[in-house]
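Trainee: Okay, here's the prediction I keep looking at, along with the sequence it came from:
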Amino acid sequence: MDLAYIPSPSTGVINLGPIPLRGYAFCIIIGVFVAVWYGNKRWIARGGTAGTVADIAVWAVPFGLVGGRLYHVITDYQLYFSEGENWVDAFKIWEGGLGIWGAIALGAVGAWIGCRRRGIPLPAWADALAPGIAFAQAIGRWGNWFNQELYGRPTDLPWALKITESANREAGTYHPTFLYESLWCVGVAVLVIWADRRFKLGHGRAFALYVAAYCAGRAWIEYMRVDEAHHVLGLRLNVWTAIVVFLLAVVYLVVSARIRPGREEIVEPKAAQAAPAKDAAALDEPADDEPKDAGTDADEDPVDADEEHGADNGAGSAAKG
């Protein structure tokens, strides 16, 4: 008998009248909001303007969602195109199924388009957004909890995840790999924030660190999962993907540090050009404690001027007398 475990929701959908609120979609939306909000704060701290991160995210997020779904459908095509399956389900993104590899890859294409339109370097934007993406993943993984999917091997640990029986799963308690990855992503975000402050990472190295750290955790978490997946040389496909992407990220970190050391001084040229113009305009304005027009003494104090004028008249009368 299991004395302690993490319960699963009885349903992943809450109906608000005629509107179904799906837990999976809700987690994704919150994650995107957090990533953009925190990325905007980091971008402003780097010298950019408010709103730039959101403007580029308008391109990156849709591309990322499409890329994530494409990766999932391609690598798990048997779920949609095998005999007895309905290929229309491939479009039901709210039922779960987003591959982070495809989301990052195609999302980067959308971000590149947005950066080109704003005239800013993509690596700098990616560095600002890196920890926010990790936080977004940590939140998004709870969508798997709502859908009771992507859990690990059976276990009787106190933090085991209880799964209810359905057509595609067997009731029992399993490793909550969604929770492991969520906590790992929080750690990745904290690592990137610390390293960025400590070493002043630039030219895409903060983003590369996020990628490498995430892949290191994803490899062992993926190894624990028991859901159906393609295997290559005895390992799940996503394990190999994590290994390859990890190596690429490490190589980028090393090469980039040698070729382009330091951090970009200007991340948004338009903002940098606007700053000197604003400072120059401020210098042209007189200070509040300085007179805007020198004028005459009479203009400054007409009462004293009248008194002096009266005194001069009196003196003149005395001289005449």
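Mentor: Received it, and whenever you're ready, just let me know what you need.
Trainee: Can you give me the end-to-end span of stretch 8-24?
Mentor: Using Cα to Cα, to the nearest Å, the end-to-end distance of stretch 8-24 comes to 13 Å.
Trainee: What residues of that stretch count as buried?
Mentor: Across stretch 8-24, burial judged by 16 or more other Cβ atoms under 10 Å covers 8, 12, 22-24. (C-beta placed from N, C-alpha, C; glycine too.)
Trainee: So which of these sit within strands?
Mentor: If you go by DSSP state E, the buried residues of stretch 8-24 have Arg22 in strands.
Trainee: what's the closest of the buried residues of stretch 8-24 to Ile100?
Mentor: Using Cβ to Cβ, Tyr24 comes nearest to Ile100 of the buried residues of stretch 8-24, at 14.5 Å.
Trainee: ok, that closest one - contacts?
Mentor: The contact partners of Tyr24, by Cβ atoms under 8 Å, 6 or more residues apart in numbering, come to 12, 94-96, 143-144, 146-147.
Trainee: Let's see that with 6 Å instead.
Mentor: By Cβ atoms under 6 Å, 6 or more residues apart in numbering, the contact list for Tyr24 reads 96, 143, 146-147.
Trainee: Likewise for Tyr223?
Mentor: Listed by Cβ under 6 Å, 6+ apart, the contact set of Tyr223 reads Val239.
Trainee: Mind pulling the model confidence for it?
Mentor: In this prediction, Tyr223 carries a pLDDT score of 88.
Trainee: That one is in what secondary structure piece?
Mentor: Element membership for Tyr223, per DSSP states H and E: helix 205-224.
Trainee: So in that sheet, which strands flank the very next helix or strand once past that helix, and in what orientation?
Mentor: Per DSSP H and E, helix 205-224 leads on to strand 231-232 as the next helix or strand towards the C-terminus. Applying DSSP bridges, strand 231-232 is found paired with strand 235-236 (antiparallel).
Trainee: got a list of contacts for the helix or strand following the partner strand?
Mentor: Using DSSP H and E, the helix or strand that follows strand 235-236 in sequence is helix 237-259. Helix 237-259 is contacted from outside by 101, 203, 205, 208, 211-212, 215, 218-219, 222-223, 230, 232, using Cβ under 6 Å, 6+ apart.
Trainee: Apply 7 Å and report the result again.
Mentor: Residues outside helix 237-259 that contact it (Cβ atoms under 7 Å, 6 or more residues apart in numbering) are 75, 101, 203-205, 208-209, 211-212, 215-216, 218-219, 222-223, 229-232.
Trainee: How about stretch 198-217?
Mentor: 123, 126-127, 130-131, 133-134, 181, 184-185, 188, 191-192, 195-196, 242, 245-246, 249-250, 252-253, 256-257, 260, 262-264.
Trainee: Tell me which residues of that stretch come out buried.
Mentor: Of the residues in stretch 198-217, 201-217 count as buried by neighbour count, 16+ other Cβ under 10 Å.
Trainee: circling back to that earlier point, okay if I get the buried residues of stretch 8-24 as a markdown table plus pLDDT and distance to Arg117?
Mentor: Converted to a markdown table, the buried residues of stretch 8-24 look like this (pLDDT from 0 to 100; distance: Cβ to Cβ, whole Å):
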| residue | pLDDT | distance to Arg117 |
| --- | --- | --- |
| Ser8 | 90 | 43 |
| Gly12 | 80 | 37 |
| Arg22 | 85 | 32 |
| Gly23 | 87 | 34 |
| Tyr24 | 88 | 31 |
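Trainee: which SS class is Leu201?
Mentor: Secondary structure assignment for Leu201 (DSSP: H, G, I helix; E, B strand; the rest coil): coil.
Trainee: Can you pull the phi and psi angles for it?
Mentor: With angles defined as degrees, to the nearest 10, Leu201 sits at phi -70, psi 140.
Trainee: Return the per-residue confidence for it.
Mentor: 95.
Trainee: Point out where the stretch 51-200 of the chain drops to low pLDDT.
Mentor: Across the stretch 51-200 of the chain, not a single residue meets the criterion (pLDDT under 70).
Trainee: how about the helices in this protein?
Mentor: Listed in chain order, the helices of the chain (DSSP state H) span 23-45, 52-75, 78-81, 100-118, 122-140, 142-147, 177-199, 205-224, 237-259, 269-284, 297-300, 302-320.
Trainee: and the angle from the second one to helix 23-45?
Mentor: Inter-element angle recorded for helix 52-75 and helix 23-45: 140 degrees (by axes from the mean of the first three to the mean of the last three Cα atoms, to 10 degrees).
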